[in-house]
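**Q** missing the sequence, but the structure's below:
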């Protein structure tokens, strides 16, 4: 496929850039029209690549794109991806316009990369599947039926997709769900995710007095919601870094010493890790390595906290409310619904009487595992080994793609995660990018997967 990429890469860039320029931000209602623009553009690209049909389907939320090519083969691949992206803020941290893709040089390695929101997550990675499919079809090498499902709500927890998948089970019948929406362990050794963590995401609101108060007249006499929220948050971990919510670990599946040893065989350079993040030391649950903490252990983190006056200068106000957004990453065995319930009940139980507390679930989903002995996994491993010159390492992803556990349950087929992102791509952050060599290596590897499966 190398020659096909070289002959067509200028066209590839034009097509991918047409997707990247659309600010399909699912978290912001004002971008609803952009979701439809992006979905429509994907149907055009699917048809141009050779799909028999490609349509935009309505859901209760953002639209779903479905396309297919039926050649009468025995096996069918269902390609999953998402076209929605994270908000670009803080805008001042971007070196370029977040929705005007440019090819620039990585400041450290000097390699060429595409800089834009969605360059990696997930427009760049789903685009690899379109071009691998196009190549196989035009070169007469396609030997599988192929279906595509691209959603517009992954970044907000895919609230509408499970129902749509349930209603369209017959349309989505396949033998494997092929996904590129994850990262590799490093750019030195490729890896294939054989599992991902689940997610429970909530918003906490603490209310004190019925209005903002003068901090001189009332300070020291009335509970400050910000102070109380901070105290509650601080109590959610013990001194060993464990989550201090009763029952939180009850369903966690503990790995054997042998499995933990296998996981830690993955290449990991602690000094490089700390240098990349510009930190002096790592921190996490006692008794586990960094690789284990981000793969096989659950965690709780505050993703946002606010209240009171945060503008320029002083405003001596004791705020009426304080807010926090809390993310809990879950491991197989834990369920988002149960952990959400435990969190809510715990905060309501420990909240002091001089404040009122509200816990609102925002999004969630369960984790999953897949067998590395499956023919699909082995085909992916063989394909990536051929492209990268070394056998990929099985790994567990620390992030979450909540819908995949639902699709696995509803459709009865396993997802296969062939992700080609790298940590240096800074997805969800300013200056998101995607190395060109990874974009092209992904296309080659995906094409070879079809050859070996």
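**A** The structure has been received and is ready for your questions. No experiment lies behind these values; they were computed from the predicted model shown.
**Q** does residue 14 belong to a helix or a strand, and which?
**A** Following DSSP states H and E, one finds residue 14 within helix 2-20.
**Q** May I see the buried residues of whichever helix or strand comes after that helix?
**A** Next helix or strand after helix 2-20 toward the C-terminus (DSSP H and E): helix 32-49. Across helix 32-49, burial judged by 16 or more other C-beta atoms under 10 Å covers 32, 34-39, 41-43, 45-46, 49. Bear in mind the C-beta positions are built from the backbone N, C-alpha and C, glycine included.
**Q** ok and helix 32-49 relative to helix 2-20, angle-wise?
**A** 160 degrees (axes from the mean of the first three to the mean of the last three C-alpha atoms, to 10 degrees).
**Q** Check what contacts stretch 4-14 and list those residues.
**A** Residues outside stretch 4-14 that contact it (C-beta atoms under 8 Å, 6 or more residues apart in numbering) are 103, 114, 127, 131, 135, 139, 440, 443, 444.
**Q** Residue 212: which of the residues you listed is nearest?
**A** For these, the residue nearest residue 212 by C-beta to C-beta is residue 114; the value is 45.8 Å.
**Q** Spell out the secondary structure type for the closest one.
**A** Secondary structure assignment for residue 114 (DSSP: H, G, I helix; E, B strand; the rest coil): strand.
**Q** and it, what is it in contact with?
**A** With contacts defined as C-beta under 8 Å, 6+ apart, residue 114 is in contact with 13, 16, 20, 101, 102, 103, 124, 433, 434, 436, 439.
**Q** Could I get the average pLDDT for stretch 140-154?
**A** Averaging pLDDT along stretch 140-154 yields 98.
**Q** Quote the end-to-end distance of it.
**A** In stretch 140-154, first residue to last residue: 33 Å (C-alpha to C-alpha, to the nearest Å).
**Q** chain center to that stretch: distance?
**A** A distance of 19 Å separates the centroid of the chain from that of stretch 140-154, by C-alpha atoms, centre = their mean, to the nearest Å.
**Q** Stretch 158-166 too?
**A** Mean-position distance between stretch 158-166 and its chain equals 17 Å (C-alpha atoms, centre = their mean).
**Q** Need the contact partners of it.
**A** Applying C-beta under 8 Å, 6+ apart, the external contacts of stretch 158-166 come out as 57, 59-62, 64, 151, 153, 172, 363, 365, 402-403, 406-407, 410-411.
**Q** In strands, which of the residues you listed fall?
**A** Taking DSSP state E, the ones among these that sit in strands are 57, 64, 151, 363, 365.
**Q** taking the contacts of residue 114 one by one, which sit in strands?
**A** 102, 103, 433, 434.
**Q** So which of these wins on neighbours?
**A** Greatest neighbour count in the ones in strands among the contacts of residue 114, by other C-beta atoms under 10 Å, goes to residue 434: 30 neighbours.
**Q** Report the contact partners of that one.
**A** Contact partners of residue 434, counting by C-beta under 8 Å, 6+ apart, are 113, 114, 119, 120, 124, 125, 421, 425.
**Q** contacting residues for residue 280?
**A** Contacts here follow C-beta under 8 Å, 6+ apart; on that basis residue 280 touches residue 274.
**Q** which stretches of the stretch 51-200 of the chain have low pLDDT?
**A** Across the stretch 51-200 of the chain, nothing is flagged by pLDDT under 70.
**Q** Ok, the stretch 201-350 of the chain next?
**A** Counting by pLDDT under 70, the stretch 201-350 of the chain contains no low-confidence segment.
**Q** How many residues are close by the nearest residue to residue 84 once chain neighbours are set aside?
**A** Spatial nearest neighbour of residue 84, chain neighbours left out: residue 26 (3.7 Å); criterion: C-beta to C-beta, 6 or more residues apart in numbering. As a burial measure, residue 26 scores 26 neighbours (other C-beta under 10 Å).
**Q** OK, contacts around residue 26?
**A** 35, 62, 84, 85, 152, 153, 154, 155, 156.
**Q** just the strands in the stretch 351-453 of the chain please.
**A** 356-365, 368-369, 393-397, 415-417, 433-435 (DSSP state E, counting those that start in this stretch).
**Q** and among those, the most buried is which?
**A** Highest mean neighbour count of the strands of the stretch 351-453 of the chain: strand 433-435, a mean of 27 (counted as mean count of other C-beta atoms under 10 Å).
**Q** Partner strands of that strand, with direction?
**A** For strand 433-435, the paired strands and their directions (DSSP bridges) read strand 112-115 (antiparallel).
**Q** roughly how far is the strand it pairs with from the heart of the chain?
**A** Distance of strand 112-115 from the chain centroid (C-alpha atoms, centre = their mean) equals 20 Å.
**Q** Flag every buried residue along that strand.
**A** So for strand 112-115, counting by 16+ other C-beta under 10 Å, buried means 113, 114, 115.
**Q** of those, closest to residue 257?
**A** After measuring the buried residues of strand 112-115 against residue 257 - C-beta to C-beta - the closest member comes out as residue 113, at 39.8 Å.
**Q** any idea how far residue 437 is from the closest one?
**A** Per C-beta to C-beta, to the nearest Å, residue 113 is found 9 Å from residue 437.
**Q** Tell me the span between the first and last residue of stretch 196-215.
**A** Across stretch 196-215, the straight-line distance between its terminal residues is 46 Å, by C-alpha to C-alpha.
**Q** Sorry, slip of the keys, the one I care about is stretch 363-381.
**A** Stretch 363-381: ends 33 Å apart by C-alpha to C-alpha.
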